[in-house]
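Asker: I'd like to go over a predicted model; first the sequence, then the structure.
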Amino acid sequence: MNSPTRMSRFRAWARHNLFRTWPDGIVTVVFGSLAIYVALRLLNYVFVTGRWDVVRRNLKLLLVGRFPDDELYKVVIAVAVSALWGGVLAGLVIGRQRRAGTYIEQPKTPAKHIGLLVARFWPILAGVAVLLALSESFGPWIATLVIAASALAGRAVGLTVAGPVSSAPLPVKAILGLVLAAVPLVAVVALANVTGWDDWGGFMVNLTIAAAAIVLCFPLGVLLALGRASKLPLLKATCTAYIEIFRGSPLFVLLLLANNALEFFVPRSIAPGVVVRAVIVFTLFTAAYVAEIVRGGLQSVPPGQDEAAKALGLSPARTTLLITMPQALRNVIPAQIGQFISLFKDVTLAGTAMGVFDLLNVGRGITKQPEFAGLRLDVESLAFVALLFWVGSYTMSRESQRLEKKLGVGT
């Protein structure tokens, strides 16, 4: 009974959307055939003609660069701790939503619950599957299981302590927040003690620079937006000058200046390394764009909101913190995530301008190894690099859309 009904619905949908008129039908057939042809050629390249040995033999170099082989277990521990941290945060958020009655319950059956998780995180799962398929040992499989188990354990812990944390006094919540905020920082510092940040490489250094810059540029951008909207002339002029200078300067030039000209002003003995310089440049540059995005969000809040807050007797600081800023940030979620995705991809400029041994530099370099020189394997290596960046960018985009839908942005 269900099959004819589904088939009739599909026919009705196709007739309405694909073959409504003769021109629509011709366009559907032509571009559908072209899409099938491209998909078949792509599958043939990936599974038949592609020469992926250059990626398989250099997988460790592409992911973690020159990190010592005998210390790789510390990278796994750091990632597992970060997964545990993320699971705890997710559990706390879900527990709080359940207490507030705003959480949409997941399906009761484990199969449907797993299906929803796969549908949500399939880009990451696909990327992990590719990495495991290219690996030549059981180490990556064990590391993946450890990381996944850490995330699930963290979520369970977060759900368990969500109730006591919600009812805890404010000082306890503040201490817990500081502890949670320090977890990823401690993990990064622990890895930096193994080998300096400048000796990192591969996708690990891309993720580190991008994550640090995103975390640092957001609060700075919010403060700059508030400063530019301030009625204090000196504060407004300073923030405006900062924003316009950095928005008007090419990012590549700023990276070159940080790499070549910084030591003219700062002694070499106290000058930070290239990775820290890259983080600082990306933070300062992106904060200017975030400030303009947030300023646009502040202007989108109806004036009546501010007037209602004044009528209730709220101070300007409480009005901004509790009423204006939450609405402004909600309205500009798509623009903010778009800027963060751009930052994530722009990290490759640090490899060109500052000599950071990032993923793109590694992808270019492995094709020049003696056993691969002259074989024209740039397409395979760069395709792998593009896949990793696509997984990160697309995941951020999907989570942004999910958050927009949940908050009702644009509705």
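Answerer: Thanks, I have the structure now. These numbers were taken from a predicted model, which means no experiment stands behind them.

Asker: Which parts of the stretch 301-411 of the chain are helices?
Answerer: In the stretch 301-411 of the chain, the helices defined using DSSP state H, counting those that start in this stretch lie at 303-311, 316-319, 325-331, 333-346, 348-354, 359-365, 378-407.

Asker: buried sites along the helix or strand of the chain with the lowest mean pLDDT?
Answerer: None of the helices or strands of the chain scores lower by mean pLDDT, DSSP states H and E than helix 2-17, at a mean of 77. Under the neighbour-count criterion of 16 or more other Cβ atoms under 10 Å, helix 2-17 has nothing buried. Quick note: C-beta positions are derived from backbone N, CA and C, even for glycine.

Asker: Specify the residue ranges that define each domain of this structure.
Answerer: Following automatic domain parsing, the chain resolves into domains at 1-49, 68-194, 199-411.

Asker: would TSV of these with distance to Leu59 be doable?
Answerer: Conversion of those to TSV gives the following (distance: least, Cβ to Cβ, whole Å):
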stretch	distance to Leu59
domain 1-49	17
domain 68-194	6
domain 199-411	9
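
Asker: starting at the chain centroid, how far to the helix or strand containing Ala39?
Answerer: For Ala39, the element it lies in under DSSP states H and E is helix 22-44. Remark: helix 22-44 is offset 33 Å from the chain centroid, using Cα atoms, centre = their mean, to the nearest Å.

Asker: Give me the next element, helix or strand, following it.
Answerer: helix 53-56.

Asker: quick one: contacts of that next one?
Answerer: Contacts with helix 53-56, where a contact means Cβ atoms under 8 Å, 6 or more residues apart in numbering, come from 62, 134-136, 366-367, 369, 372, 375, 377, 380-381, 384.

Asker: Try it again at 10 Å.
Answerer: For helix 53-56, contacts defined as Cβ atoms under 10 Å, 6 or more residues apart in numbering pick out 61-62, 130-131, 133-136, 363, 366-367, 369, 371-372, 375, 377-378, 380-381, 383-385, 387.

Asker: for stretch 158-169, same thing?
Answerer: Stretch 158-169 is contacted from outside by 84-100, 172-177, 180, using Cβ under 10 Å, 6+ apart.

Asker: ok, now stretch 308-324?
Answerer: Counting by Cβ under 10 Å, 6+ apart, 226, 229, 231, 297-298, 301-302, 304-306, 325-326, 328 sit against stretch 308-324.

Asker: swap in stretch 395-407?
Answerer: Here stretch 395-407 makes contact (Cβ under 10 Å, 6+ apart) with 97, 102, 104, 119-124, 127, 214, 326, 329-331, 333-338, 340-341, 344, 409-411.

Asker: cool, and stretch 248-260?
Answerer: If you take Cβ under 10 Å, 6+ apart as the criterion, stretch 248-260 is touched by 246, 264, 271-272, 274, 276-278, 280-282, 284-286, 288, 342-343, 346, 349-356.
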